[in-house]
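K.L.:
Give the three-dimensional model of this entry:
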Amino acid sequence: MLTDYHAHLEKGTLSIDYLKQFVETAKQKGIKEFGISEHAYHFYETKNIVSKPWMEERRFYTMDDYVKLFYKANDLGMDVRMSIEMDYTPGRHNEMESFISSYPFDYVIGSVHWVDNFGIDLAEYRKEWDRRDLYETYRAYYDQIITLAESNLFDIVGHIDLVKIFNYVPKDKEFMQEQYERVTNALKNSKTCVEVSSAGMRKPVGRLYPEPELLSMCFQKGIPIVLSSDAHEPQQVGENYEASIQLAKETGYKSLMTFKDGKRKEVELG
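P.N.:
This is a model prediction of the structure:
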């Protein structure tokens, strides 16, 4: 069994024809369960959760149109899960919970893309890395991953070590060990799965998310996984999955979690 639960339609349209391109690619690559998890900031209904100038320029969908797309896909016999990728926002737990519970998501991904007003994975903000204290940024990032897990609002944490995207990585191994320990301690007590994401392979860092050491800690503490590509174009669905599967199996994982109607089921890793 293979999954790809992290994909975005934002470079195209909320249309059946565009969605079908993603679903067909998933089929061709042997992915049995596929889901779309559009960025929540694209929707007008999330403005009370998180609002930054960068996001407001990209807020152009309604949840009504999004939900209708999946109902139409279901009517046409397309097997695709409906999800959302929520920017975890400290201090907005009630608002996030209200939004998540208002729609029939099969699962929900929580991710951290911002440290205060610093978009850590955005090319527009890349020079900020040279202006900021690397260790403070990493600690603040993982602080949010921890409270994301503790909130128990999310089924999956997206690209858990996204913070390494531009290859700015602390050299102090003890520091990194500390971050991994406290993050996995939070995750083992939550319902949140970790995605093994091939997206990092096409980013400047050129590595999977998460690092082998971090994934190993997840395995040792019984934290389940899913496979994802974070595809932003149809051809990226299932991209570099050979590396993801190899890492998962070498770590010791023999199973994945699947999701439907907000419920999860453990299946054998294909």
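K.L.:
Find the nearest non-adjacent residue to E213, please.
P.N.:
Ranked by Cβ to Cβ, 6 or more residues apart in numbering and with sequence neighbours excluded, the top spatial neighbour of E213 is Y180, at 6.3 Å. Just so you know, the C-beta spots here come from the backbone N, C-alpha and C atoms, and that holds for glycine as well.
K.L.:
That neighbour sits in which helix or strand?
P.N.:
Per DSSP states H and E: Y180 is located in helix 173-187.
K.L.:
any idea of the mean pLDDT for that helix?
P.N.:
When pLDDT is averaged along helix 173-187, the result is 98.
K.L.:
Give me the next element, helix or strand, following it.
P.N.:
On the C-terminal side of helix 173-187, the nearest following helix or strand under DSSP H and E is strand 193-197.
K.L.:
Show me which residues of the helix or strand just after that next one are buried.
P.N.:
Moving toward the C-terminus from strand 193-197, the next helix or strand (DSSP H and E) is helix 212-220. Across helix 212-220, burial judged by 16 or more other Cβ atoms under 10 Å covers L214, L215, S216, M217, C218, F219.
K.L.:
Find the residue at the geometric middle of this structure.
P.N.:
When the chain is reduced to its mean C-alpha position, the nearest residue by Cα atoms, centre = their mean turns out to be G158, at 2.4 Å.
K.L.:
hang on, the earlier thing: the helix holding Y180 relative to helix 212-220, how many degrees between them?
P.N.:
When axes from the mean of the first three to the mean of the last three Cα atoms, to 10 degrees is applied, the directions of helix 173-187 and helix 212-220 differ by 30 degrees.
K.L.:
Residues in contact with helix 173-187: which ones?
P.N.:
Applying Cβ atoms under 8 Å, 6 or more residues apart in numbering, the contact partners of helix 173-187 are 135, 138-139, 142, 145-147, 149-150, 157, 160, 169-170, 194, 213-214, 217-218, 221, 223.
K.L.:
how does it look with 6 Å?
P.N.:
When contacts are taken as Cβ atoms under 6 Å, 6 or more residues apart in numbering, the neighbours of helix 173-187 outside the stretch itself are Y142, I145, I146, A149, E150, P170, L214, M217, C218, K221, I223.
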